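Peer 1: need coordinates for the following:
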Amino acid sequence: MRILTISDTHTKHKQVPPEWLQPADMIIHAGDVTNRGELTDLSYFLDWFSKLDYKYKIFIAGNHDWCFQDQNKKCLELIKRYNEDLEDKIIYLQDEAKTIEGIKFYGSPWQPEFCNWAFNVPRGPKKKEKWMMIPKDTDVLITHGPAYGFVDQVIGREEHLGCIDLHKRILEVKPRYHICGHIHSGYGVDGWYHPQTKEDADLLINHTTFINASVLNERYEIAYKPILINI
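Peer 2: Here you go, the predicted structure:
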């Protein structure tokens, strides 16, 4: 299956050059489809997303997508209305799994507490609870935020901003792909990774490919191409 991965469009989805949207079986969006989580912005995104020529369309929410945290029922009703006219349905995942053509996808919007945005959880036990929900047989993990040590740095800064508890859970689950966004300039495959131990490096690199699919840079300008993978 060919999968095109994209993230952090922040209502600028129509600025993505059409030639960047390469042919694939599926498109996955890893969150932040809006700026402030307005329902009108979600509708604007869904109008675009629903018309893309992919058999499967999956997305999750991000820290800017307040509507999914505060008005979840209305958001799901809006998606349902779009799906009534679609042959290829839009799939929204929030702490849930979906198996498609034998491949198990799991999506989660949570990330470590950051400036009191949506889907924030303090680092520690509460965050760990969220990641323990990830099924052990997940093939493709989709979270808005990155795992610690992978595609999780802002250019020009040394600190890693990803979640250490997510890192640990990925060690246990060993998904084939982890797709995220959130840290815009962390864009890329694997990114700047500095393993804490050689065991960590061997386990992670041998089992999981890490992708930050943000298309915006830190100035919120369209800068990076969606990333195509095969599974």
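
Peer 1: tell me where the model's unsure across the protein.
Peer 2: Residue ranges of the chain with pLDDT under 70: 191-206.

Peer 1: helices of that one, start to end?
Peer 2: Counting by DSSP state H, the chain has helices at residues 39-50, 66-70, 72-83, 125-131, 164-173, 198-207.

Peer 1: nearest to residue 119, of those helices?
Peer 2: Ranking the helices of the chain by their distance to residue 119 (criterion: CB to CB) puts helix 66-70 first, at 5.9 Å. (C-beta placed from N, C-alpha, C; glycine too.)

Peer 1: buried sites along the closest one?
Peer 2: By 16 or more other CB atoms under 10 Å, the buried positions in helix 66-70 come out as 66-69.

Peer 1: can you check stretch 137-148 too?
Peer 2: Residues of stretch 137-148 classed as buried by neighbour count (16+ other CB under 10 Å): 138-148.

Peer 1: do stretch 167-174 as well
Peer 2: 167, 169-170, 173-174.

Peer 1: cool, stretch 151-171 as well?
Peer 2: Taking 16+ other CB under 10 Å as the basis for neighbour counts, the residues of stretch 151-171 that come out buried are 151-153, 160-167, 169-170.

Peer 1: ok, stretch 216-227 next?
Peer 2: Taking 16+ other CB under 10 Å as the neighbour-count basis, stretch 216-227 is seen to contain the buried residues 216, 222, 224-227.

Peer 1: any chance of the residues you listed in JSON lines, with distance to residue 95 too?
Peer 2: Converted to JSON lines, the buried residues of stretch 216-227 look like this (distance: CB to CB, whole Å):
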{"residue": "216", "distance to residue 95": "25"}
{"residue": "222", "distance to residue 95": "30"}
{"residue": "224", "distance to residue 95": "27"}
{"residue": "225", "distance to residue 95": "29"}
{"residue": "226", "distance to residue 95": "24"}
{"residue": "227", "distance to residue 95": "24"}
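
Peer 1: returning to what we had before: just the buried residues of stretch 167-174 now: which is nearest residue 126?
Peer 2: For the buried residues of stretch 167-174, the minimum distance to residue 126 (CB to CB) is 13.9 Å, reached by residue 169.

Peer 1: please name the nearest non-neighbouring residue to the closest one.
Peer 2: By the measure of CB to CB, 6 or more residues apart in numbering, the closest residue to residue 169 outside its immediate chain neighbours is residue 131, 4.0 Å from it.
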